[in-house]
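Novice: sequence and predicted structure below; questions after.
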Amino acid sequence: MVKSKNTSKKTAKYKIKVTKNGPYVVSGGVPLSEQTMGIDEDGQCHGWKETKKYPVEETYALCRCGHSANMPFCDGTHGKVKFKGKETASHRPYLEQAEEIEGAGLKLTDVENLCASARFCHRGGGTWKLAEQSGNAKARKLVIEEVADCPSGRLAAWDKDGKPIEPDFEPSIGVIEDVQAGKMGPLWVRGGIPIEAEDGTPYEIRNRVTLCRCGKSLNKPFCDSRHLK
C-alpha cells in the first residue's frame, strides 16, 4: 500500500463515493483544480501546472459517464444516455498485484492495468530501464521524478529499506486536461482520499489514483487509458 503522510486524520473527513450508474459524490470539502501536464523541450511529459481552481464546495458530484455539458460536474446526463457504470476493478491491495523491478538504488513496482497513459515514464529511456540503472545517482533521481509525476499510481518507487518514495500531496482532486493528446483526462485523486464502491466496500487508500471520467474504462472506477482510444 502506497500511502501519503497525510493519510489518517487529515483525510478522515474526506470521501469519494461511486454511485450506481451515476457520478462520483465527493464530500468533506475536497479541493478541486484543473491540472495540465507540462511538456519539456524534447516533447516529453514532465511536471504539472495548475491552470484553474474551482470554488471549494462541501459536497459535489463529478461526472463519470463522459457526457455532461457542465464538466467536470455531473448534470444528470448519465440517466439520459443510460450509462452503465458497473465497477470491475479489483479490491486486491496494490502490492499483491504488482510486478517488481529491482535496481541497485531502489525498487520499482508496477500494476499495468492502472495505467492512465500520462506518459511521464518515457524520459531517459523509460522508468523501468532507469530503475535497473538506479545505482547511478542521475538514473535514480529520474525514476523518483517520473514516479512522482505518474498520476495513476501504476508505478511506485521504494528505497532499499522498503520505504515508499512518494510526493507529499495535500488531499485534493485534479481534473486532468491532456493538451498534448487533445483529450479529456481522468480525475487525479491525491493525498489518500478514501474511495468507496457503490456497494460500500472501500478501495485501498493510496496516495495517487486516477478515476475514469470518460465512461469507457474496463477497470472502473479507475482509468485504463481508454479516453485516448
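Specialist: Looks like it arrived, so ask away.
Novice: so for the lengthiest helix in the chain, what gets flagged as buried?
Specialist: Longest among the helix segments of the chain by residue count, using DSSP state H, is helix 137-149. Buried residues in helix 137-149, defined by neighbour count with 16 or more other CB atoms under 10 Å: 139-140, 142-149. Just so you know, the C-beta spots here come from the backbone N, C-alpha and C atoms, and that holds for glycine as well.
Novice: give the contact list for the closest residue to R154 other than its chain neighbours.
Specialist: Using CB to CB, 6 or more residues apart in numbering and skipping the chain neighbours, the partner closest in space to R154 is L114 (4.2 Å). L114 makes contacts with 152-154, 209-210, 219, 222-224, as judged by CB atoms under 8 Å, 6 or more residues apart in numbering.
Novice: over to V175?
Specialist: 32-35, 71-72, 185, 187-188, 213.
Novice: which one among the buried residues of helix 137-149 gets closest to P164?
Specialist: Using CB to CB, V147 is the member of the buried residues of helix 137-149 that lies nearest P164, at 9.6 Å.
Novice: just to check, that closest one is in contact with I165?
Specialist: Yes. V147 is within contact range of I165, at 7.1 Å (criterion: CB atoms under 8 Å).
Novice: which residues do these two both contact?
Specialist: A157.
Novice: need the pLDDT of A12.
Specialist: With respect to pLDDT, A12 scores 79.
Novice: repeat that for G103.
Specialist: Predicted confidence (pLDDT) for G103: 96.
Novice: count of residues packed around it?
Specialist: 21 (other CB atoms under 10 Å).
Novice: same deal with the one 10 residues further on?
Specialist: Neighbours of N113 under the rule other CB under 10 Å: 15.
Novice: do a quick rundown of the strands in this structure.
Specialist: Applying DSSP state E to the chain gives strands spanning 15-18, 24-27, 32-39, 45-53, 59-62, 99-102, 107-110, 155-158, 172-178, 183-190, 195-196, 208-211.
Novice: of those strands, which is nearest R123?
Specialist: Nearest to R123 among the strands of the chain is strand 45-53; the distance by CB to CB comes to 6.4 Å.
Novice: run through who's touching the closest one.
Specialist: Residues contacting strand 45-53 (CB under 8 Å, 6+ apart): 31-40, 118-120, 122-123, 145, 149, 174, 177, 180.
Novice: partner strands of that strand, with direction?
Specialist: Using DSSP bridges, the strands paired with strand 45-53 are strand 32-39 (antiparallel).
Novice: quick one: buried residues of the partner strand?
Specialist: Going by 16+ other CB under 10 Å, strand 32-39 has these buried residues: 32, 35-37.
Novice: where does G28 fall, phi/psi-wise?
Specialist: Main-chain dihedrals, G28, degrees, to the nearest 10: phi 100, psi 0.
Novice: counting neighbours, what do you get for it?
Specialist: Neighbours of G28 (other CB under 10 Å): 15.
Novice: repeat for V25
Specialist: 16.
Novice: from K53, how far out is it?
Specialist: Distance of V25 to K53, given as CB to CB, to the nearest Å: 21 Å.
Novice: go on, N70?
Specialist: Distance, N70 to K53, by CB to CB: 17 Å.
Novice: does G28 touch K17 like I think?
Specialist: No. Using CB under 8 Å, G28 makes no contact with K17, being 10.9 Å away.
Novice: so where's the chain uncertain?
Specialist: 1-10 (pLDDT under 70).
Novice: still on that earlier bit, now the contacts of L114 as TSV including neighbour count and distance to N21?
Specialist: Output for the contacts of L114, formatted as TSV (neighbours: other CB atoms under 10 Å; distance: CB to CB, whole Å):
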residue	neighbour count	distance to N21
S152	25	23
G153	25	25
R154	26	26
V209	29	21
T210	29	20
N219	17	17
F222	28	17
C223	30	18
D224	23	19
